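Chemist: Build me a model from this:
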Amino acid sequence: MPTTDKGKKELLTSKYASFELNDLLEMQTEFALIESVSQSKTLTAMLCIGIAFFSAFGLFLLHMAPS
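Modeler: As a prediction, this is how the structure comes out:
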C-alpha cells in the first residue's frame, strides 16, 4: 500500500494532535520527582537527608580548600 506525503502528514498530525503543554510538563523528570515526593513521607525524608549530606560535603570541600 503506497503512502503519500500527504497521508504521512495527516497521520502525524492526528497522532500528536492531543498533545498539550500540560502533557509535556508531566513528562519532565522534575515534575515526576515533585509528584512522588508529595505522596511519600519516606522519599521526602530521603531527599532532605541527601540534600543535607550533599550540602555538608560541599561546605567541607570549601573549608578544606586552600585559600
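
Chemist: where along this protein do the helices fall?
Modeler: Counting by DSSP state H, one finds helices in the chain at the ranges 5-16, 21-26, 29-39, 41-64.

Chemist: any idea of the mean pLDDT in the third one?
Modeler: Helix 29-39 carries an average pLDDT of 89.

Chemist: If you count contacts, what does that helix end up packed against?
Modeler: If contacts are counted by 3 or more CB pairs under 8 Å, 6 or more residues apart in numbering; DSSP states H and E, helix 29-39 sits against helix 41-64. In short, each C-beta sits where N, CA and C put it, glycine included.

Chemist: neighbouring contacts of the helix it packs on?
Modeler: Residues external to helix 41-64 that are found in contact with it (CB atoms under 8 Å, 6 or more residues apart in numbering): Ser36, Val37.

Chemist: what about dumping the CA coordinates of it to CSV?
Modeler: In CSV, the C-alpha atoms belonging to helix 41-64 read as follows (Å, rounded to 0.1, in the frame of the first residue of the first chain):
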residue,chain,number,x,y,z
LYS,A,41,7.0,10.5,53.5
THR,A,42,9.9,8.2,53.1
LEU,A,43,11.0,9.7,49.9
THR,A,44,10.7,13.2,51.4
ALA,A,45,12.9,12.2,54.3
MET,A,46,15.5,10.6,52.0
LEU,A,47,15.6,13.6,49.8
CYS,A,48,16.0,16.0,52.7
ILE,A,49,18.8,13.8,54.2
GLY,A,50,20.5,13.6,50.8
ILE,A,51,20.4,17.4,50.3
ALA,A,52,21.8,17.9,53.8
PHE,A,53,24.7,15.5,53.2
PHE,A,54,25.4,17.0,49.8
SER,A,55,25.5,20.5,51.3
ALA,A,56,27.7,19.4,54.2
PHE,A,57,30.1,17.7,51.8
GLY,A,58,30.2,20.9,49.7
LEU,A,59,30.9,23.0,52.8
PHE,A,60,33.6,20.5,53.9
LEU,A,61,35.3,20.8,50.5
LEU,A,62,35.2,24.6,50.7
HIS,A,63,36.7,24.5,54.2
MET,A,64,39.5,22.1,53.2
